[in-house]
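Enquirer: got a structure for you, letters missing:
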């Protein structure tokens, strides 16, 4: 069954069905780095409960718990301890245009890979706080609401990454795999929020999306710069020395973010928004250890 999405072509979706999001977490039921099986077999050794999510098998619902609490929970068994993959996308005005289209396509692709692997997948939009959230769903049949959520998302206002990531962590404290897609173009690069998620034992992968004209600006002479998030304006004469200072500042921010990720055990990749998405997922992110 192939799903229709304005973000991803059918042929690309079929290619994604062969990939899998890797979790760096190991449990007592698996050797380090080993993922749970996709087979339909089930161990008789009970592990834990979790909230029911759309797409779960009704046969796994614990009706005894429902009779007591009037809330749906499913039973997990030893080899079925699954990961919840949450894809968080920066929706600020600095992401507007092709950057946001690329970010949403990337988020849709990663979410679809998770659904095809039968992981629980959630989506969130980052503003000054967590400003939009699609609760966890499971199974490829849930691709349509995932795609619809991203297709309808728009850019607005500004983003405080540290605050919005911390807000997400406090609202959803259970550890999982968190993929953050943003340009990270703000003071501190949102590292305090990322640090909070790592403190909560989340597995993190940071995807920094920058436009080509941010990486290689071609400005010269007298210009008026407008901050798209605050509308603050500044007149500036762009010279070679000004461009060198800009590139040095951008390089420093990217290096600070990448260095923190490496030291903290988080994945990191800088993806220009004109990157070929198929190459990024099938080659680059597989080589980096996010996918297989």
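Expert: Structure's in. What do you need? Because the structure is a prediction, the values reported are computed rather than measured.
Enquirer: how is this protein divided into domains?
Expert: 10-21+83-288, 46-80 (automatic domain parsing).
Enquirer: and these, which is most packed in?
Expert: Highest mean neighbour count among these (mean count of other Cβ atoms under 10 Å): domain 10-21+83-288, with a mean of 18. In short, each C-beta sits where N, CA and C put it, glycine included.
Enquirer: end-to-end on that domain?
Expert: 25 Å (Cα to Cα, to the nearest Å).
Enquirer: can you tell me the SS state at the closest residue to residue 224 other than its chain neighbours?
Expert: Nearest residue to residue 224 in three dimensions, chain neighbours excluded: residue 235, at 5.2 Å (Cβ to Cβ, 6 or more residues apart in numbering). Under DSSP: H, G, I helix; E, B strand; the rest coil, residue 235 falls in the strand class.
Enquirer: residue 138 versus residue 61, what's the distance?
Expert: 13 Å (Cβ to Cβ, to the nearest Å).
Enquirer: cool, residue 185 as well?
Expert: For residue 185 relative to residue 138 (Cβ to Cβ), the value is 34 Å.
Enquirer: can you name every helix or strand that the lengthiest helix in the chain contacts?
Expert: The helix spanning the most residues in the chain, taking DSSP state H as the definition, is helix 240-264. Using 3 or more Cβ pairs under 8 Å, 6 or more residues apart in numbering; DSSP states H and E, the elements in contact with helix 240-264 are helix 191-199, strand 203-210, strand 267-272.
Enquirer: still on that earlier bit, of all the domains of the chain, which one comes closest to residue 4?
Expert: domain 10-21+83-288 (7.5 Å; Cβ to Cβ).
Enquirer: what segments of the chain are helices?
Expert: Under DSSP H, the chain gives helices at 10-16, 63-69, 98-116, 143-152, 161-171, 191-199, 212-215, 240-264, 277-279, 285-288.
Enquirer: residue 89 is nearest to which of the ones you listed?
Expert: helix 98-116 (5.1 Å).
Enquirer: end-to-end on stretch 131-150?
Expert: Stretch 131-150 has an end-to-end distance of 13 Å (criterion: Cα to Cα).
Enquirer: what's in contact with that stretch?
Expert: For stretch 131-150, the external contacting residues (Cβ atoms under 8 Å, 6 or more residues apart in numbering) are 1, 3, 5-8, 17, 53-56, 84, 86, 89, 91, 104, 107-108, 111-112, 115-116, 118-125, 153, 164.
Enquirer: so which of these are in strands?
Expert: Among the contacts of stretch 131-150, DSSP state E puts 84, 86, 89, 120, 121, 122, 123, 124, 125 in strands.
Enquirer: returning to what we had before: save the helices of the chain as a markdown table, and put in distance to residue 225 too.
Expert: Listed next are these as a markdown table, based on distance: least, Cβ to Cβ, whole Å:
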| stretch | distance to residue 225 |
| --- | --- |
| helix 10-16 | 37 |
| helix 63-69 | 56 |
| helix 98-116 | 17 |
| helix 143-152 | 30 |
| helix 161-171 | 22 |
| helix 191-199 | 25 |
| helix 212-215 | 12 |
| helix 240-264 | 11 |
| helix 277-279 | 30 |
| helix 285-288 | 33 |
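Enquirer: cool, thanks, signing off.
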